[in-house]
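> build the 3D model from these lines:
(one chain, ligands or ions: 1)
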Amino acid sequence: MARNTKILSDKELFEKTKGIVEHAINAKINLTFKRGGNFCQYHPTSENKKSHEKVYTINIATPAVKGINKYTALLHELGHVLYKSPFTPIKKLLGKSKNHSFYFSIFNVLEDHRIESHLSENYIAYRKRFENTCNALGRELEDQITFDPLYILLAIRFNQEEKVKNAKNFIHYKKALDDVKNTDEFGGLRVFISIKKYIEEDISLDSTDTGIHSKHSDNSELKDNSTPTVRSKHQTEMIENVSKQEGTKKIDQQKKAKKYASKELEILNSEKISIPDELLQESFDDIEIKKILENGKIQGKQQFEEIQERMLSAGTVSENLPSNVTKIERNETEYTIDYKVSSNLNKLFKKLKMKNKPYVDYQGYEIDIEEYVNNLIRGININKSFEDRKKSQGSSIVISIDGSTSMNNERIKIAQKLVATIYESLKGISEIEVKGNIWAGNEMGDVGITEINSMNDVKKITTGSLEGGYFSTPTHMGLEYSGRMLKKMKGEKKLLILITDGCPNHYKNKTNLQSVHYNKVCKKSLEKVLQITPNVLFFIVANEEYSGDYFNKLFGQKRIIYVNNMNKAFDKVVKQFKNFMQYNAMNFF
Ligand SMILES: [Zn+2]
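Down below sits the predicted model:
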């Protein structure tokens, strides 16, 4: 299941992943790759701005923070965006307390645990990613003689329980990390409230030990307006440790810098999230705490489902057409059918169908990168989508037709007859799904594509379009578009047949792209399609002597079938189609 980086570069993977989240929550996320920590920052936008987009910056520490894989870091930071970590309101709330940095660091550990629990909910590979990261960070965690709450929480979160299990309040912190799982956006605060008395108890013990910290009142710490206290040495270290792992900006620094003062106010005014009243009490008794924790779980479940739903509908992101593709209407003409061919094929298919008992072969299944990424970020159990595929029998074929000017007249007519004949041959064979497309480009680089989804559309297989102006041979888009169609079609065994009569060529802004560059684009498009099906055949209507080497180098000899004229193309496509069906019959009937 290793990702093929030749097809999807790291940058593309990061952008794509980010794009799905942007789409799901209507946000703009700027990705930066700077030194320092991984962090996620919310940018307030002014009210009168037309767009309601939320704007964030996510930095992925470059070079990576030791123990944190960059993609895992991205998923984690996106988790904060997706599951609405209320950093700003919490900072405001905790900022009033004299231990605000320390408290915020504790909140942050809980918050990280919360978002990762959501991200891991359905998807085992996520869980593994975060587990590995936690374990790696756990190994970095140095042994300490005295424990403070932050250290204890981190040790538990990073699977180093044995280091702290003798701590007096260990059991409460362990419960806290369970309580915070799958809660709503205020779950971190809810749980913080629930362990506040233990935190305070431990801080006072800890500071007595180190002799730095002064005792402080345990009443309404959250609302306290006193100045920041001196922290014990290892509290400071712990805070650094947290910000290393999770680079939300240190409050102290922000407070010190006066230039942030006005900006901070702006953030508070414009960030919509406000803390629910039930969490703003001066103090909480055990029953109230039990209640707010329960509410967190209930609302967390709702929120998770809501976000799942949005993520699923955001799945269309990668299925959106590239911006230079336009679906166009074409002139319609009557088609003919070679009934002799179609009835022979039909008899054969019915025989194959009778002979083969249901059986599906999963060997050699190649993972679909786009879908993999989609499932990854949506948190869908990828095994589940394999399960669905197992049930989906049958097979799919796409016939992709070059609609450039040179295909005019006889060539396009025979291509049309071919598609009509194949449809005819499949009457009563519902296991096989056949679709097609015709494509050509204009001088601006737009590609006009018409889909053929049934026999009824076959009349649209012509080179003339209603808008006109489409003449070139953007083979790369023919390939990619067909791949997109095939991906949505049924079955595991899929076949792409591409019929073209000329060398690929493509324009941008009235300039013909140099073939040395454009060929690379075409190769990459083929690579993408090969991820969807290894069965790709090119029928080149040209003389092998003239163009043989060119196409062999471009698409690989084994995928290319030369035909001198379209009548031969017809026969050969029929033959290949028949071979494909016979060879794979046991898989799709
Ligand atoms: Zn985080």
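
> can you give me the strands for this protein?
27-32, 39-43, 54-59, 325-327, 395-402, 432-441, 447-452, 493-500, 507-508, 511-512, 536-541, 560-563 (DSSP state E).

> elements contacting the third one?
When contacts are defined as 3 or more Cβ pairs under 8 Å, 6 or more residues apart in numbering; DSSP states H and E, strand 54-59 packs onto strand 27-32, strand 39-43, helix 70-82. In short, each C-beta sits where N, CA and C put it, glycine included.

> how far does stretch 180-195 stretch from start to finish?
11 Å (Cα to Cα, to the nearest Å).

> so how far is that stretch off the chain centroid?
27 Å (Cα atoms, centre = their mean, to the nearest Å).

> next: stretch 491-507.
On Cα atoms, centre = their mean, the centre of stretch 491-507 falls 27 Å from that of its chain.

> one step back: for the strands of the chain, which one sits closest to residue 284?
Among these, the nearest to residue 284 by Cβ to Cβ is strand 39-43 (28.0 Å).

> tally of neighbours for residue 294?
Neighbourhood size, residue 294 [other Cβ atoms under 10 Å]: 13.

> er, residue 130 I mean
Neighbours of residue 130 (other Cβ under 10 Å): 20.

> looking at the stretch 451-589 of the chain, what residue ends up closest to the ion?
residue 531 (32.5 Å; Cβ to the ion).

> closest to residue 288 out of the strands of the chain?
The nearest among the strands of the chain, by Cβ to Cβ, is strand 39-43 at 29.9 Å.

> buried by neighbour count: which residues of that closest one qualify?
Using 16 or more other Cβ atoms under 10 Å as the test for burial, strand 39-43 gives 39, 40, 41, 42.

> adding pLDDT and distance to residue 73, write the residues you listed out as a markdown table.
Shown next, in a markdown table, are these (pLDDT from 0 to 100; distance: Cβ to Cβ, whole Å):
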| residue | pLDDT | distance to residue 73 |
| --- | --- | --- |
| 39 | 91 | 10 |
| 40 | 91 | 10 |
| 41 | 88 | 14 |
| 42 | 86 | 18 |
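
> remind me which residues of the protein are low pLDDT?
Along the chain, segments meeting pLDDT under 70 span 1-8, 45-52, 122-125, 206-273, 312-321, 354-393, 548, 585-589.

> report all helices and strands that the longest helix anywhere in it contacts.
When the chain is scanned for its longest helix (criterion: DSSP state H), the result is helix 286-313. Counting contacts by 3+ Cβ pairs under 8 Å, 6+ apart, helix 286-313 is packed against helix 10-25, helix 100-119, helix 187-210, helix 369-378.

> list the buried residues of that helix.
Neighbour-count burial for helix 286-313 [16+ other Cβ under 10 Å]: 289, 292-293, 295-297, 299-300, 303-304, 307-308, 310-311.

> residues contacting the closest residue in space to residue 118 that isn't next to it in sequence?
Spatial nearest neighbour of residue 118, excluding adjacent residues (Cβ to Cβ, 6 or more residues apart in numbering): residue 83 at 5.1 Å. Listed by Cβ atoms under 8 Å, 6 or more residues apart in numbering, the contact set of residue 83 reads 114, 115, 118, 119, 185, 303, 307.

> which residues in the stretch 351-500 of the chain form helices?
With DSSP state H, counting those that start in this stretch, the ranges of helices along the stretch 351-500 of the chain come out as 369-378, 382-391, 410-425, 475-488.

> grab the CA positions of stretch 65-81 and hand them over as CSV.
Taking Å, rounded to 0.1, in the frame of the first residue of the first chain, the C-alpha atoms of stretch 65-81 are listed here in CSV:
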residue,chain,number,x,y,z
VAL,A,65,10.3,17.7,14.7
LYS,A,66,12.0,14.6,16.0
GLY,A,67,9.5,11.8,16.3
ILE,A,68,6.8,13.5,14.3
ASN,A,69,6.3,12.5,10.7
LYS,A,70,5.3,15.5,8.6
TYR,A,71,2.2,14.0,7.1
THR,A,72,1.1,12.9,10.6
ALA,A,73,1.7,16.5,11.7
LEU,A,74,-0.5,17.8,8.9
LEU,A,75,-3.3,15.4,9.8
HIS,A,76,-3.0,16.4,13.4
GLU,A,77,-3.1,20.2,12.7
LEU,A,78,-6.0,19.7,10.2
GLY,A,79,-7.7,17.8,13.1
HIS,A,80,-7.6,21.0,15.1
VAL,A,81,-9.3,22.9,12.3
